[in-house]
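Undergrad: Can you look at this prediction? I've put the sequence above it.
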Amino acid sequence: MKNIKSKTRMIRWRLRVLMAERNINNKTLAQLTGLHPTTISRLKNTDELKQITGEALDALCNVLVCTPNDLIEFTPDGDSRSESKTTNSKTIELNRRTTVSSRNQELNDNIMSAA
């Protein structure tokens, strides 16, 4: 009998979170990135990203003033160091929060200059 291991998500897509943190809607993000509004909607409404072009990732990072690491979260499958992961996650989240206000200001500057 085969032992079937449950599949856990190792890579999570965080566009929805970043858009909420920066208070930016689909239409505005589409206009600023040059990506089609349907593409933005599809990317926003998924937690499990199958693929993305470098061009789209670059556009999102430039407009949202972030790095790919902010958009993509990796959690090793079967990692037994859960306490360590929790501590690391809390540290990462604290670092994100401390930079959100400066990134929001930069994003607002981008939006105002595009208008």
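TA: Sure thing, it's come through.
Undergrad: And the helices in this protein, which stretches?
TA: Secondary structure of the chain by DSSP state H: the helices cover 15-21, 26-33, 37-44, 54-64, 68-71, 82-114.
Undergrad: got any ranges where this structure has weak pLDDT?
TA: Residue ranges of the chain with pLDDT under 70: 1-9, 77-104, 115.
Undergrad: mind running it again at 80?
TA: 1-10, 76-115 (pLDDT under 80).
Undergrad: Determine the number of other residues adjacent to Met112.
TA: 8 (other CB atoms under 10 Å). For the C-beta atoms, the positions are set from N, CA and C on the backbone; glycine is no exception.
Undergrad: Could you measure from it over to Gln105?
TA: Applying CB to CB, to the nearest Å, the value for Met112 to Gln105 is 11 Å.
Undergrad: Could you do Gln51 as well?
TA: According to CB to CB, Gln51 and Gln105 sit 32 Å apart.
Undergrad: neighbour-wise, which of these two wins?
TA: Gln105 (11 against 5).
Undergrad: measure the more buried one to Asn45 for me?
TA: 27 Å.
Undergrad: now do Leu71
TA: Counting by CB to CB, the gap from Leu71 to Asn45 is 14 Å.
Undergrad: Please identify which of those two sits among more neighbours.
TA: Per other CB under 10 Å, whichever of Leu71 and Asn45 has more neighbours is Leu71, with 20 against 11.
Undergrad: Arg14 is in contact with that one, correct?
TA: Yes. Between Leu71 and Arg14 there is a contact under CB atoms under 8 Å: 5.5 Å.
Undergrad: Isn't Leu32 up against Asn108?
TA: No. Using CB under 8 Å, Leu32 is not in contact with Asn108, being 11.6 Å away.
Undergrad: between these two, who's got more neighbours?
TA: Set Leu32 next to Asn108 and count neighbours by other CB under 10 Å: Leu32 wins out with 20 against 13.
Undergrad: Just list the residues touching the closest residue to that one other than its chain neighbours, thanks.
TA: Counting by CB to CB, 6 or more residues apart in numbering, Val63 is the residue found nearest to Leu32 once chain neighbours are left out, at 4.5 Å. Shown in contact with Val63 (CB atoms under 8 Å, 6 or more residues apart in numbering): 29, 32-33, 107, 110.
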